[in-house]
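[1] what follows is a predicted structure for the sequence shown.
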Amino acid sequence: MTADRRLAHSGFTLTREYPAPVTRVWQAFADGEQKRRWLSDGDAFESGEWTFDFRVGGRDIDEAKFHGGPLSRYEAVYTDIVEHVRIVTTYDMWLDGTHMSTSVASFEFEQVAGGTRLTHVEHGIFFDRFWADGPNREEGTRALLEALARHLG
């Protein structure tokens, strides 16, 4: 395999507890307006195309340009949704029009004393020049879960 045509596999699990009931945390994922607000936390991005279709078989698209940086495009399909319990998606990422990765991701919602435990598990395949980007995906997802915490306030 050549350095310009290679695959890398990466996986991680993140668990976070929020001082809010499952129904409120769930709504942050299931309501398009709420989801867009916490995903675009702050002003680090110039928003582009946005599609939100929260149902099994539905597609989400979130395109944004980092200020002074590349254009990022996320396209997801919901493969499983059990209300207040779990969400499973497959998704692809592009950076400046180049296919970067394909992933499967799950979110599990569990009521715990004082709030909700959210467990995110992700397995990704990174293509070609993006082969070393797995750790960046984990760090980016960690930042999104932090943005969700601010949204839930």
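    Arrived safely. Numbers count the residues shown, from 1 in each chain.

[2] got any ranges where the protein has weak pLDDT?
    Low-confidence segments of the chain (pLDDT under 70): 1-3, 41-45.

[3] tell me the buried residues in the lengthiest strand in it?
    Ordering each strand of the chain by length in residues (DSSP state E) puts strand 98-112 first. By neighbour count on 16 or more other CB atoms under 10 Å, the buried set for strand 98-112 is 100-103, 105-107, 109-110. Quick note: C-beta positions are derived from backbone N, CA and C, even for glycine.

[4] again with stretch 132-143
    133-134, 137-138, 141.

[5] swap in stretch 23-42?
    25-26, 28-30, 34-35, 38-41.

[6] other residues contacting the longest helix seen in the chain?
    For the chain, the longest helix by residue count, based on DSSP state H, is helix 134-152. The contact list for helix 134-152 (CB atoms under 8 Å, 6 or more residues apart in numbering) reads 8-12, 14, 16, 18-20, 24-25, 28, 34, 37-39, 41-42, 101, 103, 118, 120, 122, 124, 126.

[7] need the contact partners of the helix or strand where residue 126 lies.
    Assigned by DSSP states H and E, residue 126 belongs to strand 115-127. Around strand 115-127, the neighbours that count as contacts under CB under 8 Å, 6+ apart are 7-22, 24-25, 99-111, 132-134, 137-138, 141, 145, 148.

[8] again, only this time at 7 Å
    Residues from elsewhere that reach strand 115-127 (CB atoms under 7 Å, 6 or more residues apart in numbering): 7-22, 25, 99-110, 133-134, 137, 141, 145.

[9] report the distance from stretch 61-79 to the chain centre.
    How far stretch 61-79 lies from its chain's middle: 10 Å, per CA atoms, centre = their mean, to the nearest Å.

[10] so which bits of that stretch are buried?
    Within stretch 61-79, the residues that count as buried by 16+ other CB under 10 Å are 62-64, 72-76, 78.

[11] nearest to residue 54, of these?
    residue 78 (6.7 Å; CB to CB).

[12] which of the buried residues of stretch 23-42 fall within helices?
    Judged by DSSP H, the buried residues of stretch 23-42 include 25-26, 28-30, 34-35, 38-39 as members of helices.

[13] was I right about residue 109 contacting residue 24?
    No - counting by CB atoms under 7 Å, residue 109 stays clear of residue 24, with 10.4 Å between them.
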